[in-house]
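Participant: what's the 3D shape of this:
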Amino acid sequence: MTSPSEEFDVVIVGAGVSGINCAYRLKNELPDVKFTILEGRDDIGGTWDLFRFPGVRSDSELYTYGFSWHPWPHKNLLGSGPQIKQYIKDSVSQHNLSDYICLRHKVLTADWSSEARAWRLVVSHDGSAREIRASFLVLGTGYYDYDIPLQTIIPGLHNFKGKVINPQFWPEDYDYSVKKIAVIGSGATTVSLLPPLSEKASQVTVVQRSPGWVVSTGLMTSPISLLQKYSPLPLPFYDFWDRVWVVSIFYLLTLFCKYFPPQAASAIKSLTASQLPKGFDVDRHFSPRYYPWEQRLCLSPEGDYFTALCRQNTHIVTGVIDMVGEDHIQMEDGTKVDADTIVTATGISMRLGGNIALTVDGQEMTWGGKFMWNGAMIQDVPNMIFMFGYTNSAWTTGSECSGRVLVRLTRLMRSKGAAVAVPRIPERGFASTARLFQLSSTYIKRAEVEGYLPIYGDWGPWRQRTDPPTDYLHSRWGDIETDLCFS
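Facilitator: Numbering: from 1, shown residues only. Just a heads-up that it's a prediction; the model follows:
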């Protein structure tokens, strides 16, 4: 240690959307709370500072992914990575949050001490270690591993003589013009990559083991803005109703997929076929083995993914890879995909808590099998809030609920004269449990098998958060005392 211990009321780990949103709530609703944000990277933005591959963009619409206290200022529903990062920076600047952020402060360990009633954090900063203490710890670290992507077995990949790139670590100086590129994957990263790659590369082939659902945002354009040409009403009027339209459409789409899955699948498939050339094999390449929202829907701005597939230099191959050769990918059905670059867009590796070694009184804290309380705290872990969002809605909407729980809990503890709050499982237990993520994606199933993910109960504060409007109301005015032990 090279400096004496510093003490805070709240330490937020992570300067992405969750951490910044929480900081705003603390600053404006609990102005006497002393807090800081510790960010291990060189800049703020979290995901949007990490991912820099061509075409990187959000897979949630920005009207709800953006902050409620600093609305998304652009007309486009899906923002590019650089655009979102700049938006986050503008939010921090305009709301005077920069003084609370400490960059290049990577939290290595965090131990809760019942004797001290505080978290003791060991933080690495520019090669030195320092200790920071906090009454409350907030993890705004997201849900995946920033350092190691999902490890997927691709037969014979070691034989390949060309360049292999994982999108999570895209080389900034890589010139992909006139290249023959094979993108392995069918998720949001692939849908984002194909349009820009197809504009410069000589050939781009999407190689997918199974298809995914892709929906064009052009079908969700608000009709309200069309009235601007014929009405003298002020611009804020149209902006407000544009947001209401977009949020409502996405919410209704989610409900439609949930309660009428066969009809939703048929509708999306028909819309997909209408955006592709006549004779395109939609049944083979765009008919997933699962219903919409059993895995995330991939959004395509104005259908740019389908536009790219209409270009002569793009191809899509669906099937199982037999073997990768020196300059190609051989499929089991005999199809050969020539390539001098392979992009492995095969998913992320899940890791809660930002790889911080968490302990409670010296005992390791494990995530697997622990129950979530009000979608914000973990059973038997004192004074810790975990910022968690949605899989079927914008992440920020869920983390906003967690931030409001923190504010209300702080006020409640003050009224009780309590220094410690810890969720405890009631004696009656639960009749059933629910998964943290309701999706069937490979990376989620693998994380569950490996024991990385907490779970939900089936009643009260242990029930899963699944409905954003209801969850928001609960975070503002609902019960936050049941099964919470104060001392």
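Participant: so what strands line up beside the longest strand seen in the chain?
Facilitator: Counting by DSSP state E, the longest strand found in the chain is strand 128-139. Sheet pairing of strand 128-139 (DSSP bridges) gives strand 6-13 (parallel), strand 118-125 (antiparallel), strand 384-386 (parallel).
Participant: and the next element down the chain from the first one?
Facilitator: If you walk from strand 6-13 toward the C-terminus, the next helix or strand you reach (DSSP states H and E) is helix 17-29.
Participant: relative orientation of that next one and strand 6-13 in degrees?
Facilitator: Angle, helix 17-29 to strand 6-13, by axes from the mean of the first three to the mean of the last three CA atoms, to 10 degrees: 130 degrees.
Participant: how is the chain carved up into domains?
Facilitator: 6-147+349-486, 157-344 (automatic domain parsing).
Participant: quick one: average pLDDT of the longest one?
Facilitator: Right, the one you point to is domain 6-147+349-486. On average, the pLDDT along domain 6-147+349-486 is 93.
Participant: same question for the last one.
Facilitator: Per-residue pLDDT values across domain 157-344 average out to 90.
Participant: before we move on, the earlier item: go through the strands paired with strand 128-139 and name the closest to Ala110.
Facilitator: Closest approach to Ala110 among these (CB to CB): strand 118-125, 4.9 Å. C-betas here are computed from N, CA, C, even on glycine.
Participant: so which bits of the closest one are buried?
Facilitator: Ala118, Trp119, Arg120, Leu121, Val122, Val123, His125 (16 or more other CB atoms under 10 Å).
Participant: ok, the second one touching Ala134?
Facilitator: Looking back up the chat, that one is Trp119. Yes: assessed by CB atoms under 8 Å, Trp119 is found in contact with Ala134 at 4.7 Å.
Participant: tell me the contacts of Gly451?
Facilitator: Thr366, Trp367, Gly368, Gly369 (CB atoms under 8 Å, 6 or more residues apart in numbering).
Participant: Val405 contacts Ile385, doesn't it?
Facilitator: Yes: with contact defined as CB under 8 Å, Val405 counts as touching Ile385 (7.0 Å).
Participant: the more surrounded of those two?
Facilitator: Ranked by neighbour count (other CB atoms under 10 Å), Val405 and Ile385 place Ile385 first, with 25 against 22.
Participant: list the contacts of that one.
Facilitator: Applying CB under 8 Å, 6+ apart, the residues near Ile385 are Cys22, Phe136, Leu137, Val138, Leu139, Ala376, Met377, Ser402, Val405, Leu406, Leu409.
Participant: equivalent analysis for Tyr143, please.
Facilitator: Counted by CB under 8 Å, 6+ apart, Tyr143 has contacts Met350, Arg351, Leu352, Phe388.
Participant: isn't the last one up against Glu400?
Facilitator: No: with contact defined as CB under 8 Å, Phe388 does not count as touching Glu400 (11.0 Å).
Participant: one step back: buried ones in the longest strand of the chain, by neighbour count?
Facilitator: For strand 128-139, by 16+ other CB under 10 Å, it's Arg130, Glu131, Ile132, Ala134, Ser135, Phe136, Leu137, Val138, Leu139.
Participant: likewise for stretch 275-286?
Facilitator: Applying 16+ other CB under 10 Å to stretch 275-286 flags Gln275, Leu276, Phe280, Val282, His285, Phe286 as buried.
Participant: residues in contact with that stretch: which ones?
Facilitator: 208, 211, 213-214, 216, 269, 272-273, 303, 306-307, 309-310, 316, 318.
Participant: could you dump that stretch to CSV, C-alpha only?
Facilitator: Output in CSV follows, covering the C-alpha atoms of stretch 275-286 (Å, rounded to 0.1, in the frame of the first residue of the first chain):
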residue,chain,number,x,y,z
GLN,A,275,-36.6,-7.4,-47.4
LEU,A,276,-34.5,-10.1,-49.2
PRO,A,277,-34.2,-10.9,-52.9
LYS,A,278,-36.7,-13.2,-54.5
GLY,A,279,-35.6,-16.8,-54.2
PHE,A,280,-33.6,-16.2,-51.0
ASP,A,281,-33.7,-19.3,-48.9
VAL,A,282,-35.4,-17.7,-45.9
ASP,A,283,-36.5,-21.1,-44.4
ARG,A,284,-32.9,-22.2,-44.2
HIS,A,285,-31.1,-19.0,-43.1
PHE,A,286,-33.8,-17.2,-41.1
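Participant: for it, the distance to its chain's centre please.
Facilitator: How far stretch 275-286 lies from its chain's middle: 30 Å, per CA atoms, centre = their mean, to the nearest Å.
Participant: ditto for stretch 308-324
Facilitator: On CA atoms, centre = their mean, the centre of stretch 308-324 falls 27 Å from the chain's centre.
Participant: repeat that for stretch 192-211.
Facilitator: That offset, for stretch 192-211, works out to 23 Å (CA atoms, centre = their mean).
Participant: coming back round to it: make JSON lines out of the buried residues of strand 128-139 and add distance to Glu6.
Facilitator: Listed next are the buried residues of strand 128-139 as JSON lines, based on distance: CB to CB, whole Å:
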{"residue": "Arg130", "distance to Glu6": "7"}
{"residue": "Glu131", "distance to Glu6": "8"}
{"residue": "Ile132", "distance to Glu6": "5"}
{"residue": "Ala134", "distance to Glu6": "9"}
{"residue": "Ser135", "distance to Glu6": "13"}
{"residue": "Phe136", "distance to Glu6": "15"}
{"residue": "Leu137", "distance to Glu6": "14"}
{"residue": "Val138", "distance to Glu6": "16"}
{"residue": "Leu139", "distance to Glu6": "19"}
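Participant: who's more crowded, Phe388 and Glu400?
Facilitator: Glu400 (27 against 22).
Participant: doesn't Asn21 make contact with that one?
Facilitator: Yes: look at Glu400 against Asn21 with CB under 8 Å: they come within range, at 6.1 Å.
Participant: which helix runs longest in the chain?
Facilitator: helix 235-259 (DSSP state H).
Participant: what are the buried residues along that helix?
Facilitator: Quick answer for helix 235-259 (16+ other CB under 10 Å): 238-239, 241-243, 245-247, 249-251, 253-254, 256-258.
Participant: cool, and stretch 433-445?
Facilitator: Ala434, Leu436, Phe437, Gln438, Leu439, Ser441, Tyr443, Ile444.
Participant: which pair in these spans the largest distance?
Facilitator: Checking these with CB to CB, the most distant pair is Ala434 and Tyr443, at 18.7 Å.
Participant: residues near Leu263, how many?
Facilitator: Just so we're on the same page, residue 263 is Gln rather than Leu. 12.
Participant: quick one: the closest residue to it other than its chain neighbours from Leu297, how far?
Facilitator: Excluding the flanking residues, the one nearest Gln263 by CB to CB, 6 or more residues apart in numbering is Phe256, at 7.5 Å. Computed as CB to CB, to the nearest Å, the Phe256 to Leu297 distance reads 11 Å.
Participant: likewise for Ile316?
Facilitator: 18 Å.
Participant: so where do the helices sit in the stretch 201-350 of the chain?
Facilitator: 235-259, 261-274, 282-285, 304-309 (DSSP state H, counting those that start in this stretch).
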